[in-house]
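J.: dropping a prediction and its sequence here:
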Amino acid sequence: MTELTPATYPVTRDALVAYAAASGDPNPIHQDPEVARSVGLPDVIAHGMFTLALAARYVDEQLGEPGRIAELGAKFTKPVVVPESGTEVVIEGTWRDERTLALRVTCAGETVLGNPVAVLRG
């Protein structure tokens, strides 16, 4: 299996606010630290789909051919906690075969997406 170059993506609260507006998901746990803490979270968390979108971005950037993803899936296993100073998501990829990429998505050394896989168009 061939490994791809790892990439690091910053995640800021401003990016979460913009994503909430674009996605139509205004849940305050993604923007308001007091609300997030009131429901037992350590701080604001990124939308799961925001994190999955970073995985799609990684695949597009690694291939240099946006639009090749036919399927992208993962389990949301751990939230990406975003303190006021922001955080980073690190993504790595390994080719399983000529059309399938297995990904590893982590934040602060913890896996945040379970079994993320991208299947590419032929």
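T.: Received the coordinates, thanks.
J.: determine the longest helix present in this protein.
T.: Longest helix in the chain, counting residues (DSSP state H): helix 48-63.
J.: just the element for Y9, please.
T.: Secondary structure here is read from DSSP states H and E; on that basis Y9 sits in strand 7-11.
J.: may I have that strand as PDB, with CA atoms only?
T.: The C-alpha coordinates for strand 7-11 follow below in PDB (Å, rounded to 0.1, in the frame of the first residue of the first chain):
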ATOM      1  CA  ALA A   7      -1.700  17.300   5.700                       C
ATOM      2  CA  THR A   8      -2.700  19.500   8.600                       C
ATOM      3  CA  TYR A   9      -5.800  21.700   8.400                       C
ATOM      4  CA  PRO A  10      -6.500  24.600  10.900                       C
ATOM      5  CA  VAL A  11     -10.000  24.600  12.400                       C
END
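J.: the chain: helices as residue ranges?
T.: Remark: helices assigned in the chain by DSSP H are 13-23, 33-38, 48-63.
J.: can you list the residues that contact the second one?
T.: Pointing back at helix 33-38 there. Applying C-beta atoms under 8 Å, 6 or more residues apart in numbering, the set of residues contacting helix 33-38 from outside is P28, I29, H30, P42, D43, V44, I45, E84. All C-beta atoms are positioned from the backbone trio N, CA, C, and that covers glycine.
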